[in-house]
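> Structural data only, the sequence is not supplied:
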């Protein structure tokens, strides 16, 4: 409890729960199907979103899916049958917009996670998964909806969403927990 008597953990968890409950589950299932059917998957996110996206890429690898992260030296080129998986909470991140255009020009499908359905990134994506959470684009003044700073609610929702997507993808691909564990690095 804070001095004001607020239970910040309770408030933050409630906010995250509200966001997650508002995500369209049929869109989550569709996103999982897109990923499971991809020839290759390349992921990208900026800032703290990148941390969540990289964690998801790791789990996609554990599932045996062909995944890379933009910026790694081993990231292959994208083409037809591939998926560029990007997160941009505000939907206006210049790097994400540029990489989306590169992926599309190469023939890859673009799967976007964003909080802003009317953003430029959403307009450019082939498939958008909307995460209705506060981001850096709306964290001040009357638009502010969270006790957490900046885009933390969006980023926290990504973590939980990605874990649920891993469970759905595991069922979709038939990969066992043991097979996932066997793909975990021994170089730690």
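That came through fine. Model, not experiment: these values are computed from the prediction.

> Show me how far the longest helix seen in the chain is from its chain's centre.
Using DSSP state H, we find that the single longest helix of the chain is helix 152-173. Mean C-alpha position of helix 152-173 versus that of the full chain (Cα atoms, centre = their mean, to the nearest Å) differs by 8 Å.

> For that helix, which residues meet the burial criterion?
152-158, 161-162, 165-166, 168-170, 172 (16 or more other Cβ atoms under 10 Å). Using the backbone N, CA and C atoms, a C-beta is placed for each residue, glycine as well.

> Go ahead and confirm residue 20 touches residue 157.
Yes: Residue 20 lies in contact with residue 157 (Cβ atoms under 8 Å); the separation is 5.8 Å.

> which one is residue 84 nearest to, not counting chain neighbours?
The shortest distance from residue 84 to any non-neighbouring residue, by Cβ to Cβ, 6 or more residues apart in numbering, is to residue 103 (3.5 Å).

> Spatially, what comes nearest to residue 118 if we skip its sequence neighbours?
Spatially, and ignoring its direct neighbours in sequence, residue 118 is nearest to residue 91 (7.9 Å; Cβ to Cβ, 6+ apart).

> Give me the three-state assignment for that neighbour.
coil (DSSP: H, G, I helix; E, B strand; the rest coil).

> now do residue 44
Going by three-state DSSP: residue 44 is strand.

> Poorly predicted segments of the chain, please.
1-5, 136, 138-139, 149 (pLDDT under 70).

> Tell me where the protein has strands.
Under the criterion DSSP state E, the chain contains strands at 41-45, 67-69, 83-87, 109-114, 127-130.

> neighbouring contacts of the fourth one?
By Cβ atoms under 8 Å, 6 or more residues apart in numbering, the residues outside strand 109-114 that reach it are 31, 34-35, 38, 82-91, 96, 100, 103-104, 121-122, 124-131, 158, 161.

> can you rerun that using 6 Å?
The contact list for strand 109-114, computed with Cβ atoms under 6 Å, 6 or more residues apart in numbering, reads 34, 83-88, 91, 100, 103-104, 121-122, 125-129, 131.

> Only the buried subset of the residues you listed, as a PyMOL command please.
Burial among those is assessed by 16+ other Cβ under 10 Å; the matching PyMOL selection reads:
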select buried, resi 34+83+84+85+86+87+88+91+100+103+104+121+122+125+127+128+129+131
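
> follow-up on the earlier one: ramachandran angles for the residue nearest to residue 118?
phi 80, psi 10 (degrees, to the nearest 10).

> In contact with it: list those residues for me.
Contacts of residue 91 by Cβ under 6 Å, 6+ apart are 114, 116, 119, 121, 122.

> Just the residues you listed: which are in helices?
Reading helices off the contacts of residue 91 with DSSP H, I get 121, 122.
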